[in-house]
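In: no sequence on this one, just coordinates:
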């Protein structure tokens, strides 16, 4: 889609002065903070200070590129949502920019595989949703969020509403991944809690709640089943 190409081009333009991985990481973090600070007042001050810290490294004209890229991302995700097939757009951009070589040869699972995994994992979701009204998904290593999106695509195919019939709790040790997953689940309108933490040691450093999670006041439903 042309909007994805525009994001990649904008990042590459800034990469003449800054490293590509740095621009992409800053874009994801600033976007995540912008979403979070619209609904999470508890963490507002700390995240706002971090946002301002990032902006200090860029010139005024350079900073204007970031909201432009965010608008391209919103349009792209909206297009996928309207077509009923959620896609891992940020994961795609990450690989198009060849950033997997920077972050420890990190590769995100292709959406085609995630969609198949979603079908296999949610074969009994009708029964669960009939009983509880929703299904809970826990992803211990969320990456860019593709596996969650694959599961949600299965629910969409079954006729369920992603904003009402699913609750996601996801964790990743990599803060970049937390930001990527948080942005996409937020903009796709999925109630979710994204945790920056270590699933194995149970350490938790920060929590990111999506707007739909706050809107539906889902704190009492946060502990869910693993798929």
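Out: Thanks, I have it. Fair warning: this is a prediction, and the values are worked out from it, not measured in the lab.
In: now the most centrally placed residue in the chain: closest residue in space, sequence neighbours ignored.
Out: For the chain, the residue sitting closest to the mean C-alpha position, by C-alpha atoms, centre = their mean, is residue 181 at 2.0 Å. Spatial nearest neighbour of residue 181, excluding adjacent residues (C-beta to C-beta, 6 or more residues apart in numbering): residue 145 at 3.5 Å. From N, CA and C alone the C-beta is placed, and that goes for glycine too.
In: re earlier: surely the residue nearest to the centre of the chain meets residue 143?
Out: Yes - between residue 181 and residue 143 there is a contact under C-beta atoms under 8 Å: 6.9 Å.
In: what residues do these two have in common as contacts?
Out: residue 172 (C-beta atoms under 8 Å, 6 or more residues apart in numbering).
In: hmm, residue 152 and residue 165 touching each other?
Out: No - between residue 165 and residue 152 there is no contact under C-beta under 8 Å: 9.4 Å.
In: so the two - more neighbours on which side?
Out: residue 152 (27 against 20; other C-beta atoms under 10 Å).
In: show me where this protein has its strands.
Out: 135-139, 166-172, 192-198, 203-209 (DSSP state E).
In: and the pLDDT at residue 217?
Out: Looking at residue 217, its pLDDT stands at 69.
In: I meant to write residue 199 there.
Out: The confidence metric pLDDT takes the value 95 at residue 199.
In: burial count for the residue nearest to it when sequence neighbours are not counted?
Out: The shortest distance from residue 199 to any residue other than its chain neighbours is 4.0 Å, reached at residue 140 (C-beta to C-beta, 6+ apart). Using other C-beta under 10 Å, residue 140 is surrounded by 15 other residues.
In: so residue 140 makes contact with residue 168?
Out: No - contact criterion C-beta under 8 Å: residue 140 and residue 168 do not qualify, at 12.0 Å.
In: residue 122 - how many residues pack around it?
Out: For residue 122, the count of nearby residues is 24 (other C-beta under 10 Å).
In: report the contact partners of it.
Out: Counted by C-beta under 8 Å, 6+ apart, residue 122 has contacts 135, 151, 154-155, 158, 227.
In: can you pull out the helices in the protein?
Out: Counting by DSSP state H, the chain has helices at residues 2-14, 20-36, 44-55, 60-63, 65-82, 89-96, 111-121, 125-132, 146-157, 175-187, 211-215.
In: packing partners of the third one?
Out: If you count contacts as 3 or more C-beta pairs under 8 Å, 6 or more residues apart in numbering; DSSP states H and E, helix 44-55 packs onto helix 20-36.
In: from the chain's centre, how far out is the helix it packs on? Work that out for me.
Out: Centroid separation for helix 20-36 versus its chain: 11 Å, with C-alpha atoms, centre = their mean, to the nearest Å.
In: what's the mean pLDDT across it?
Out: pLDDT averaged over helix 20-36 gives 97.
In: just the angle between that helix and helix 175-187, please?
Out: For helix 20-36 against helix 175-187, the angle by axes from the mean of the first three to the mean of the last three C-alpha atoms, to 10 degrees is 40 degrees.
In: which residues does helix 20-36 contact?
Out: 11-12, 14-15, 43, 47-48, 50-51, 54-55, 57, 66, 69-70, 73, 90, 93-94, 97-99, 102-103, 175-176, 178-180, 182-183, 186-187, 208-211.
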